[in-house]
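A.B. asks: give the three-dimensional model of this entry:
(chains A and B)
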There are 2 protein chains.
Amino acid sequence: MIRLHVPYDLAAGAELVLDEGQSRYLGAVMRAKAGDELRVFNGRHGEWRAIVGQVGKRAVTLQLIDPARPQAQGPDLDLVIALVKRGPLETIVEKAAELGVRRIRPVITERTNADHTRVDRLQAIATEASEQTGRLDVPQVAEPVKLERLIAAWEAGRRLLFCDEAGDARPVLEAVTDGGPWAVLVGPEGGFAPREREMLRGLPYAVAATLGPRILRADTAAISALTLWQAAAGDWRP
Amino acid sequence: MIRLHVPYDLAAGAELVLDEGQSRYLGAVMRAKAGDELRVFNGRHGEWRAIVGQVGKRAVTLQLIDPARPQAQGPDLDLVIALVKRGPLETIVEKAAELGVRRIRPVITERTNADHTRVDRLQAIATEASEQTGRLDVPQVAEPVKLERLIAAWEAGRRLLFCDEAGDARPVLEAVTDGGPWAVLVGPEGGFAPREREMLRGLPYAVAATLGPRILRADTAAISALTLWQAAAGDWRP
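C.D. replies: Numbering: from 1, shown residues only, chains lettered A, B, ... in the order given. Here you go, the predicted model:
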C-alpha cells in the first residue's frame, strides 16, 4: 500500500493536487491509475484513504475518502548525531525514522568535518522512510549546531543517553529505566575529544552507556542505541 | 591501530608475506613504512603485535613481535538472512560482523530473487568489518540454501529467534531469556509466505519475536534483532 506524506489539511471529500515530485513518483514510477487507492498523512490529521483522480505528467490529483487511522505520536525521543560522512549519515536518518525518533539533531564536534550537509536532502530521506515504515508523523531534521551550543540550550527535563566507549559505562538496558523525554547521543567515528567527554559526563541529566565489547561504526551505534532505548522505555515495550 | 586478518599461523619471530590486496592496502592506501606497528589475527592464535618489514608494491612483509590478546570467541550466534538486494545485504553482513555474529547463513525464501549473490565478496566484507571492529575471529559466510533445506538439516540444540511481523509475537527481550547456541532469522522485504510462517511457527526450537510497531527494512530488522539478542543473552550483558 502506497503512503504519501502531504502538507495539506485532510478532511472528507477534499481534493489534493500533489506536487511535481510526488506526481511523477505516482504516475511514472508506480504507474498509478485513476481509481487506485492509497493512503496519505500530514502529521496532524491521522492517515486517510484516498483515491487517485486525474493522472497528469506534472500533477496527480487525489480524492480523500475517509480516515483510516487516528493521529498518534511515538515516544518523545531525539537523536543527536555527530556529523559523519554522507553515506552513513543518510543511513542514520533513514533508520532513525524507522525506529520512531521524533527529532534528528545533527551536531558538530571537535572531530567532525562537516561543510557539506544538506538538511533538505536529509529531511526528504526522513520523509520517505516515514512513508514506508507506516508512522503518522515525520521526524524533523534540524540544522547542524555545535555540540556546546546544543548543550547550552538544553531543554529542561530531557534526559541524555550518551554512547560512550569507556569501560565504566553501563549497558543501555540498565541506564534507561524510565520513559519521558530522552535524547540519544552518538559521536563521530573518531569518538569524542577528552574535553567533550568530560563535559558530557558532568551533565546532571546525562547517563553514559556502552554498546558492547566491539567497536561499532557510527551508523551501527545509532541503530543499536535507538533499538535498545525503544525496547527499554519506548513503544517496543509490551 | 591497523588490524589485519591473515591466514598464517602466528608465533613469535615469524615473518609473514602479505598477499597482494593487503600489501597494496598497507603500502598505497595507508602509506605504511618499515618499522610501523600494527596488529594481526587469524581466528586461532589471538591478536599479535607486528612490525612492518619491507614495503614492496606487491608484497609487504611483517615481523611478528608478541601476543597482545589471547584468542577468544563471542557467543554462539548465527544470522540466517533471506537474500535481499545487494546494498542492504552487504550492510547486513558488515553489521553482523560488528555485532559479533559467528556465522552468516543466507537463505532463499519464496519471496526472494537471488541469482547474483557473490559469497566471496560478502566474505571479504565480513573480514574487513571484523578487522575494524576489533574481534579476534571472522564470521563465516555460507553459500545460500533454500530455507526448507536449512530447516531440514537444523543443528540439534540451537534455538531460532524468528522475526515475525504478526501481532502475537513477543518482544525479543521476553523471547530470549537464556544463552547457548541461537540463530536470528530475518525474512525478505516482502515478508515470509504464509506457508513458510506456518512451518517456522511449528518448529519446537523456534520463538517468534516482534520488532516494534513500525515496518522495518530488512537491514534495520537484522541490526535491531542482533542488538537485542546480544543485550539479552550475549556479550553485551554486564
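A.B. asks: in stretch A:25-45, which residues are buried?
C.D. replies: Residues of stretch A:25-45 classed as buried: A:Tyr25, A:Leu26, A:Gly27, A:Ala32, A:Leu38, A:Arg39, A:Val40, A:Phe41, A:Asn42, A:Gly43, A:His45 (neighbour count, 16 or more other CB atoms under 10 Å in any protein chain shown). C-betas here are computed from N, CA, C, even on glycine.
A.B. asks: what about chain A, any weak spots by pLDDT?
C.D. replies: Applying pLDDT under 70 to chain A flags the ranges A:114-115, A:167.
A.B. asks: run the last query once more with 90
C.D. replies: A:1, A:57-58, A:73, A:112-117, A:164-168, A:177, A:189-191, A:238 (pLDDT under 90).
A.B. asks: and the helices in it, which stretches?
C.D. replies: Taking DSSP state H to define them, one finds helices in chain A at A:20-24, A:86-98, A:119-133, A:147-152, A:172-175, A:194-201, A:218-233.
A.B. asks: can the shortest one be found next to chain B?
C.D. replies: Yes. In terms of CB under 8 Å from any CB of the partner chain, part of helix A:172-175 sits within range of chain B, namely A:Val172, A:Leu173, A:Glu174.
A.B. asks: likewise the last one?
C.D. replies: Yes. Using CB under 8 Å from any CB, helix A:218-233 reaches chain B at A:Thr220, A:Ile223, A:Ser224, A:Thr227, A:Leu228, A:Gln230, A:Ala231.
A.B. asks: how close does the closest residue to A:Val52 other than its chain neighbours get to A:Asp66?
C.D. replies: Nearest residue to A:Val52, sequence neighbours excluded (CB to CB, 6 or more residues apart in numbering or on different chains): A:Asp36, at 4.5 Å. Per CB to CB, to the nearest Å, A:Asp36 is found 16 Å from A:Asp66.
A.B. asks: quick check: can you list the domain ranges of chain A?
C.D. replies: Following automatic domain parsing, one finds the domains of chain A at A:3-69, A:77-233.
A.B. asks: out of those, which one sits most buried?
C.D. replies: Ranked by mean neighbour count, the domains of chain A are led by domain A:77-233 with a mean of 19 (mean count of other CB atoms under 10 Å in any protein chain shown).
A.B. asks: just want the most central residue of chain A.
C.D. replies: By CA atoms, centre = their mean, chain A has its centre lying nearest to A:Ala97, at 3.4 Å.
A.B. asks: rewinding a little: adding distance to B:Arg159, write the residues of helix A:218-233 next to chain B out as JSON lines.
C.D. replies: Listed next are these as JSON lines, based on distance: CB to CB, whole Å:
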{"residue": "A:Thr220", "distance to B:Arg159": "24"}
{"residue": "A:Ile223", "distance to B:Arg159": "24"}
{"residue": "A:Ser224", "distance to B:Arg159": "21"}
{"residue": "A:Thr227", "distance to B:Arg159": "20"}
{"residue": "A:Leu228", "distance to B:Arg159": "21"}
{"residue": "A:Gln230", "distance to B:Arg159": "23"}
{"residue": "A:Ala231", "distance to B:Arg159": "19"}
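A.B. asks: for the nearest residue to A:Ala14 once chain neighbours are set aside, name its beta-bridge partners.
C.D. replies: Excluding its sequence neighbours, the residue lying closest to A:Ala14 (CB to CB, 6+ apart) is A:Leu64, at 4.6 Å. Taking DSSP bridges as the rule, A:Leu64 bridges to A:Ala50.
A.B. asks: and what of A:Val186?
C.D. replies: Bridge pairing for A:Val186 - DSSP bridges - gives A:Ile81.
A.B. asks: what sits against it?
C.D. replies: A:Val186 makes contacts with A:Leu79, A:Val80, A:Ile81, A:Ala82, A:Ile92, A:Cys163, A:Ala218, A:Ala221, A:Ala222, A:Ala225, as judged by CB atoms under 8 Å, 6 or more residues apart in numbering or on different chains.
A.B. asks: hang on, the earlier thing: dump the residue contacts of the residue nearest to A:Ala14.
C.D. replies: Taking CB under 8 Å, 6+ apart, one finds A:Leu10, A:Ala11, A:Ala12, A:Gly13, A:Ala14, A:Glu15, A:Leu16, A:Val40, A:Trp48, A:Arg49, A:Ala50 in contact with A:Leu64.
A.B. asks: swap the cut-off to 6 Å and go again
C.D. replies: By CB atoms under 6 Å, 6 or more residues apart in numbering or on different chains, the residues touching A:Leu64 are A:Ala14, A:Trp48, A:Ala50.
A.B. asks: can you check A:Ala208 too?
C.D. replies: A:Phe162, A:Asp164, A:Ala169.
A.B. asks: show me what the residue nearest to A:Ala206 when sequence neighbours are not counted bridges to in the sheet.
C.D. replies: The shortest distance from A:Ala206 to any non-neighbouring residue, by CB to CB, 6+ apart, is to A:Leu160 (4.1 Å). Taking DSSP bridges as the rule, A:Leu160 bridges to A:Ala183, A:Ala206.
A.B. asks: A:Leu160 contacts A:Ala209, correct?
C.D. replies: No. A:Leu160 is beyond contact range of A:Ala209, at 10.2 Å (criterion: CB atoms under 6 Å).
A.B. asks: sorry, back to before: same list, the domains of chain A, but as CSV with distance to B:Arg111 please.
C.D. replies: Shown next, in CSV, are those (distance: least, CB to CB, whole Å):
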stretch, distance to B:Arg111
domain A:3-69, 19
domain A:77-233, 17
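A.B. asks: B:Gln71 is nearest to which of the ones you listed?
C.D. replies: Among the domains of chain A, the nearest to B:Gln71 by CB to CB is domain A:77-233 (14.7 Å).
A.B. asks: right, and the helices of chain A - which one's nearest B:Glu128?
C.D. replies: helix A:218-233 (14.0 Å).
A.B. asks: can you list contacts of that closest one?
C.D. replies: By CB under 6 Å, 6+ apart, the surrounding residues in contact with helix A:218-233 are A:84, A:88, A:91-92, A:95, A:99, A:163, A:172-173, A:176, A:179, A:184, A:186, A:189, A:211, A:236, B:95, B:98, B:173, B:212, B:223-224, B:227-228, B:231.
A.B. asks: ok now it, how far from the chain's centre?
C.D. replies: Averaging C-alpha positions (CA atoms, centre = their mean, to the nearest Å) puts helix A:218-233 12 Å from its chain's average.
A.B. asks: now do stretch A:203-217
C.D. replies: Worked out by CA atoms, centre = their mean, stretch A:203-217 lies 20 Å from the chain centre.
A.B. asks: and that stretch, C-alpha only, in CSV?
C.D. replies: What follows is stretch A:203-217, C-alpha atoms only, in CSV (Å, rounded to 0.1, in the frame of the first residue of the first chain):
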residue,chain,number,x,y,z
LEU,A,203,25.8,16.9,32.9
PRO,A,204,23.3,16.0,35.6
TYR,A,205,20.7,14.8,33.0
ALA,A,206,23.2,12.6,31.1
VAL,A,207,23.9,8.9,31.5
ALA,A,208,26.8,7.2,29.8
ALA,A,209,26.0,3.8,28.2
THR,A,210,28.1,1.2,26.5
LEU,A,211,27.3,-0.7,23.3
GLY,A,212,29.1,-3.9,23.9
PRO,A,213,32.8,-5.0,23.6
ARG,A,214,33.4,-4.3,19.9
ILE,A,215,34.0,-1.0,18.1
LEU,A,216,30.9,0.0,16.2
ARG,A,217,30.7,2.3,13.3
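A.B. asks: right, I'll call it a day here.
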